[in-house]
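Participant: coords below, sequence missing:
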């Protein structure tokens, strides 16, 4: 009995040894598999279409970031006008006129992007576009003439809308950490590189303002404008009544401002034309730091 028990123990030990040997092989195999799986899987180069799409998203993000910064700076200037000849109402009128167009530009760019084919990225774009469209709708209800009633308040209301246009979370950089396709496209898109800025449009050279102003046919006699036809020299803020319309004119170093009870227009330099419906048209004949020569006509 003892002898058979001893044999059983030995046999059991043999089984243990055999099992142990098999287990050791499995461990080695597991370690071998684990070692192979630690190597990153190769990522195919992103398609040109996806790189273009991701670049467009980055460009829209930069456009809105710049717009938010410019809006905050404009609001600060409206609250504390520094430029001579530019009142808070004039600054707010200009701000309320151009800001909605800037937001609409971003809306158009996001719309034109279409779908990327990457579901998480498309959900981001759709959420952001919905947000921008909502702001565009609200901006459509803001009239530039509100600047006359409350320059600071109307501008502050628009600025609040602009500041709300931050990218939804998780944003595109966060998504690239979870999707290799987006990460590769993000790395390849020039617009996503740190410090990238859109190329500035080359403006046509402005006429040299350093020369003397030409002689105005009616000199400084603004009374000659009463019939709607005149050419006058403006060197300081003045109210001119032409063809029954009262226009307050201010000639600054870089622009001429025309203000009526219902509108404000700014023209930057020689050749600019301001039209007041079918009643009156004003043309900047010449302008420099001394003033401006303006020609009023009936369209």
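Facilitator: Done, it's in. Here the structure is a predicted model, which means the values were calculated and not measured.

Participant: now do the helices in the stretch 51-200 of the chain.
Facilitator: 88-113, 119-140, 146-149, 151-163, 172-176, 180-188 (DSSP state H, counting those that start in this stretch).

Participant: need those helices in TSV (columns: mean pLDDT and distance to residue 197).
Facilitator: C-beta coordinates here come from the backbone N, C-alpha and C atoms, glycine included. Formatted as TSV, the helices of the stretch 51-200 of the chain follow (pLDDT from 0 to 100; distance: least, Cβ to Cβ, whole Å):
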stretch	mean pLDDT	distance to residue 197
helix 88-113	89	16
helix 119-140	95	21
helix 146-149	85	30
helix 151-163	95	19
helix 172-176	95	18
helix 180-188	94	17
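
Participant: how about those in a markdown table, adding mean neighbour count and distance to residue 72?
Facilitator: What follows is those, written out as a markdown table (neighbours: other Cβ atoms under 10 Å; distance: least, Cβ to Cβ, whole Å):
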| stretch | mean neighbour count | distance to residue 72 |
| --- | --- | --- |
| helix 88-113 | 19 | 11 |
| helix 119-140 | 16 | 16 |
| helix 146-149 | 18 | 18 |
| helix 151-163 | 18 | 7 |
| helix 172-176 | 18 | 23 |
| helix 180-188 | 20 | 28 |
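
Participant: can you tell me which strand in this protein is longest?
Facilitator: strand 280-288 (DSSP state E).

Participant: tell me how far it lies from the chain's centre.
Facilitator: 32 Å (Cα atoms, centre = their mean, to the nearest Å).

Participant: just to revisit the earlier point, dump the helices of the stretch 51-200 of the chain to a markdown table, plus distance to residue 46.
Facilitator: Listed next are the helices of the stretch 51-200 of the chain as a markdown table, based on distance: least, Cβ to Cβ, whole Å:
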| stretch | distance to residue 46 |
| --- | --- |
| helix 88-113 | 15 |
| helix 119-140 | 12 |
| helix 146-149 | 46 |
| helix 151-163 | 32 |
| helix 172-176 | 11 |
| helix 180-188 | 4 |
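
Participant: out of those, which gets nearest to residue 45?
Facilitator: helix 180-188 (6.7 Å; Cβ to Cβ).

Participant: can you list the domains in the chain?
Facilitator: Using automatic domain parsing, the domain parsing of the chain gives 48-192, 222-297.

Participant: how long is the first one end to end?
Facilitator: Looking at domain 48-192, the gap from its leading to its trailing residue is 15 Å under the measure Cα to Cα, to the nearest Å.
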